[in-house]
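K.L.:
sequence and predicted structure below; questions after.
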Amino acid sequence: MHLEAIHVYKQFQTRQGSLMALKDINMHIETGEFVGAVGTSGSGKSTLLRLIAGLETPTTGKIKVDGAEVIGPGADRGVVFQNYTLYPWMTAMDNVGFGLKLQGIKPKERRVRVKEYLEVVGLSQFTNAYPKELSGGMKQRVAIARALACHPKVLLMDEPFGALDIQTKASMQEFILELWQRLGITIFMITHDVEEAVFLSQRVYVMTPRPGQIQRELSINLPLNRDHSIKRHSTFQDYKDIIVDLLSGRNVATSNSD
Amino acid sequence: MKLTIKPLHQSSGTPVQGLKPTVFWRIGEDIPPSFSSLLIVLSVVVPFLAWWVLSTSGLVHPKFLPSPPQVINALVRLWQSGVLLQDITASCFRVGTGFFLAAVVAAPLGIAMGTFASIRSLTEPIFGIVRYMPAPAFVPLLIIYLGLEEPPKIALIFIGTVFFNILMIMDAVKFVPKELIEATYTLGGRRWQVLLQVITPYVIPNIIDAFRINMAASWNLVVVAELVAATEGLGKRIELAQRFFRTDEIFACLIILGLIGFAIDLSFRVLLQVSCRWAVD
């Protein structure tokens, strides 16, 4: 899988006139990568994810998945939204199987895959639970299972843990990291949480606001098997500092931002 | 350096300024169930007692305000003669048919209007105008077009409820979270699948609720229709009673209308509880 954004611009028409949300975005995601995009609010990072998902179209420029231009949303690019977007009238099982149902996969095969992915996210005991009976972290696991059950080429996550409390967030971070390694999936995650971006990503795009631009691409050279203890490591701190400085617009010795 | 920790709560003589506790005037909070039950009982018992006292006090002539026993007598009389059951059946049939037809039209149209801005632009202005034309004003036309039998009565109920149903269902669709629709697209959903498998199930509780609320209008209209031309029906019974100055029968029919309405309302609530467990409580 090779996903790329080529000279992508996105302009929105608002009552105050036109707003440049994204300016000349060039980025890529390769098979098996965990790529993060970090930026303050207004940096257009969510817009970027929506463009990749096909929920918006670029004003100019192209987004390509394996050479084919993205023209709309599809199951090859699974999305996990910040606000748990589960179908409230469906059980966890039906939520996870819904994408497969939409694609016309037979109930028998659907059941097998639903079972598999509920197991993957550790919710086998909650097969028949309704979303309102699940905690925030569990809901997000169902949403992840629902996206993964469709076997997407890339999993797009828009601040997926933003609404969770700190403890749940930490365990979900370890969970997604472990899932990524175990399944060999490709993930692109948007976050405003610098620590989260460094902790999870192999590569981070640092974005600046108004207009949203990619300021810097940063490879995170930390061991793949990470747990939260790595956050105390000095290299981890260094990465964090670099990004924080970039985001706050400070020029520091370690960076050569423009 | 020494840390001194001040006690958080210092007791002093002056009471803290703040909101005083209340039971009756609580906003957005539950009141104790026993208190709630008491108020519910009072809401029926107080008007009933007031009626009883007023009707037996001699202040009002019993011809104008019959007492509860007189009304119960009238009720029994009407029931035993068989006309009451006949009237109830006739009115229920008209309301049932008219409202059913309105529901069958309103549900798909309301969902379509809420979902597609194009269909909304195409239909909302004209519905907005027709909705303000009082349904009873259509009675003469309906009689000219459809005669004096059942069709004009059913048509009146249809006209009087279909637009409200449509607009309430349309509004409900606006509250379907955009992200839920987008999530469906990213799961490979097509637009018709979003319409039938996401938007429709999401608004079913609202549809049931809209029907429950608008049902009241159809009972208004059936009485209007029967006052104009009918041989039986609760509205007709009231009109006949007025002609013969039988206020006790008028009261009896009003009570029956109230009870039927209440029963229907309750059944819609039960239907909502049973069929859309996910949406209640």
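P.N.:
That came through fine.
K.L.:
what residues does the stretch 51-200 of chain A have near chain B?
P.N.:
Contact residues, the stretch 51-200 of chain A versus chain B (C-beta under 8 Å from any C-beta of the partner chain): A:53-55, A:72-75, A:77-79, A:81, A:83, A:85, A:87-89, A:98-99, A:101-103, A:130-132, A:143, A:146-147, A:150, A:156. Using the backbone N, CA and C atoms, a C-beta is placed for each residue, glycine as well.
K.L.:
name the element the nearest residue to residue A:87 once chain neighbours are set aside belongs to?
P.N.:
Using C-beta to C-beta, 6 or more residues apart in numbering or on different chains and skipping the chain neighbours, the partner closest in space to residue A:87 is residue A:95 (5.7 Å). In the assignment (DSSP states H and E), residue A:95 maps to helix A:92-102.
K.L.:
name the residues of stretch B:59-76 that are buried.
P.N.:
The neighbour-count check on stretch B:59-76 (16 or more other C-beta atoms under 10 Å in any protein chain shown) flags B:65-68, B:70-71, B:74-75 as buried.
K.L.:
hmm, who's touching it?
P.N.:
Applying C-beta atoms under 8 Å, 6 or more residues apart in numbering or on different chains, the external contacts of stretch B:59-76 come out as B:48, B:51-52, B:54-56, B:84, B:245-249, B:251-252, B:255-256.
K.L.:
any of those buried? List them.
P.N.:
B:51, B:55, B:84, B:246-249, B:251-252, B:256.
K.L.:
what's the closest of those residues to residue B:279?
P.N.:
residue B:256 (32.0 Å; C-beta to C-beta).
K.L.:
residue contacts, that closest one?
P.N.:
Residues near residue B:256 by C-beta under 8 Å, 6+ apart: B:75, B:84, B:88, B:234.
K.L.:
output the buried ones among the contacts of stretch B:59-76 as JSON lines; include the columns secondary structure and pLDDT.
P.N.:
Formatted as JSON lines, the buried ones among the contacts of stretch B:59-76 follow (DSSP: H, G, I helix; E, B strand; the rest coil; pLDDT from 0 to 100):
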{"residue": "B:51", "secondary structure": "helix", "pLDDT": "93"}
{"residue": "B:55", "secondary structure": "helix", "pLDDT": "91"}
{"residue": "B:84", "secondary structure": "helix", "pLDDT": "92"}
{"residue": "B:246", "secondary structure": "coil", "pLDDT": "92"}
{"residue": "B:247", "secondary structure": "helix", "pLDDT": "93"}
{"residue": "B:248", "secondary structure": "helix", "pLDDT": "93"}
{"residue": "B:249", "secondary structure": "helix", "pLDDT": "93"}
{"residue": "B:251", "secondary structure": "helix", "pLDDT": "94"}
{"residue": "B:252", "secondary structure": "helix", "pLDDT": "94"}
{"residue": "B:256", "secondary structure": "helix", "pLDDT": "94"}
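K.L.:
closest to chain A out of these?
P.N.:
residue B:256 (37.1 Å; C-beta to the nearest C-beta).
K.L.:
the closest one and residue A:12, how far apart?
P.N.:
60 Å (C-beta to C-beta, to the nearest Å).
K.L.:
residues making contact with the helix or strand containing residue B:42?
P.N.:
Element membership of residue B:42 [criterion: DSSP H and E] is helix B:33-56. Contacts with helix B:33-56, where a contact means C-beta under 8 Å, 6+ apart, come from B:23, B:30-31, B:60, B:62, B:65-68, B:70.
K.L.:
buried residues, that helix. List them.
P.N.:
B:51, B:55.
K.L.:
tell me how far that helix lies from the chain's centre.
P.N.:
Here helix B:33-56 is found 22 Å from its chain centre; the criterion is C-alpha atoms, centre = their mean, to the nearest Å.
K.L.:
report the angle between the helix or strand that it is followed by and helix B:33-56.
P.N.:
Using DSSP H and E, the helix or strand that follows helix B:33-56 towards the C-terminus is helix B:68-80. In terms of direction (axes from the mean of the first three to the mean of the last three C-alpha atoms, to 10 degrees), helix B:68-80 departs from helix B:33-56 by 90 degrees.
K.L.:
burial of residue A:120, as a residue count?
P.N.:
The local packing of residue A:120 (other C-beta atoms under 10 Å in any protein chain shown) involves 18 other residues.
K.L.:
would you mind measuring from the residue nearest to it when sequence neighbours are not counted to chain B?
P.N.:
Of all residues beyond its chain neighbours, the one nearest residue A:120 is residue A:145 (6.4 Å), with distances taken as C-beta to C-beta, 6+ apart. Counting by C-beta to the nearest C-beta, to the nearest Å, the gap from residue A:145 to chain B is 12 Å.
K.L.:
perfect, that will be all.
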